[in-house]
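Student: structure here, sequence nowhere to be found:
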């Protein structure tokens, strides 16, 4: 792309900065040569096996720069969108089955097990300028269950369990961008979930389809709250304060994915209930 006129402008194709000394576009992780349509160095990101084009070490935007962009120099926004779509489809199918089962169980048995713990969450969004864009997120959960009665007598609880959740979806966001077309945030906060007592407690309770609908608002450090969260057979919310983001902004995200146990906890037993 060429420019004309007396005003110097180094921000050309896709609004990215061109280094006039070398004639290449600066895309954070690497420089992009617009004359050849290739990056000047190999991609530090190895790509996804399910998407062969993402594993090419020099190609830009799936080799289709008119349609796709690569603001980070790591992967095209099309690949981010495809990954989010796959996660949403798989997680959504699992969520539908588990959520329906939980609702049926709750009409028959009202007793619940409460889960409390900590959550660490990070997300990246493409197309973060209002109105909407694609989002990918990850949640790491550490939680313990409350005491619940055993059929054989006494009480039991599950402690020290850990889960990782990968999420994809869409969001309405108005927040600064950190990598050209990408925006992101990082959360640390408290978790509170409930699951039907009749199912007991274990690593499988918080595993499976996950849906998270949340909102955040504030400055570089602000507040965030999940309006709805379903992890496997448990539902509730996570609240975060502070939120470490990319600057002034607000967002509303709906993410769907899959939660898997990464550390198996242990069961504790007592003949009389103790405080959780």
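Tutor: Perfect, thanks for sending it. Everything numeric in this text was worked out from a predicted model, so none of it was measured.
Student: for residue 159, which non-adjacent residue is closest in space?
Tutor: Excluding the flanking residues, the one nearest residue 159 by CB to CB, 6 or more residues apart in numbering is residue 144, at 4.2 Å. Where you see a C-beta, it was placed from the backbone N, CA and C, and this is true even at glycine.
Student: so what's that neighbour up against?
Tutor: 115, 116, 117, 157, 158, 159, 160, 161, 265, 276 (CB atoms under 8 Å, 6 or more residues apart in numbering).
Student: next one: residue 264
Tutor: Applying CB under 8 Å, 6+ apart, the residues near residue 264 are 161, 203.
Student: stretch 116-124: which residues count as buried?
Tutor: 117, 119, 121, 123, 124 (16 or more other CB atoms under 10 Å).
Student: just stretch 199-214 next, same as before
Tutor: The neighbour-count check on stretch 199-214 (16+ other CB under 10 Å) flags 199-201, 203, 205-214 as buried.
Student: want to throw the buried residues of stretch 116-124 into JSON lines with secondary structure, distance to residue 10 and pLDDT?
Tutor: As requested, the buried residues of stretch 116-124 are exported to JSON lines (DSSP: H, G, I helix; E, B strand; the rest coil; distance: CB to CB, whole Å; pLDDT from 0 to 100):
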{"residue": "117", "secondary structure": "strand", "distance to residue 10": "48", "pLDDT": "91"}
{"residue": "119", "secondary structure": "strand", "distance to residue 10": "42", "pLDDT": "85"}
{"residue": "121", "secondary structure": "strand", "distance to residue 10": "36", "pLDDT": "79"}
{"residue": "123", "secondary structure": "strand", "distance to residue 10": "30", "pLDDT": "70"}
{"residue": "124", "secondary structure": "strand", "distance to residue 10": "26", "pLDDT": "66"}
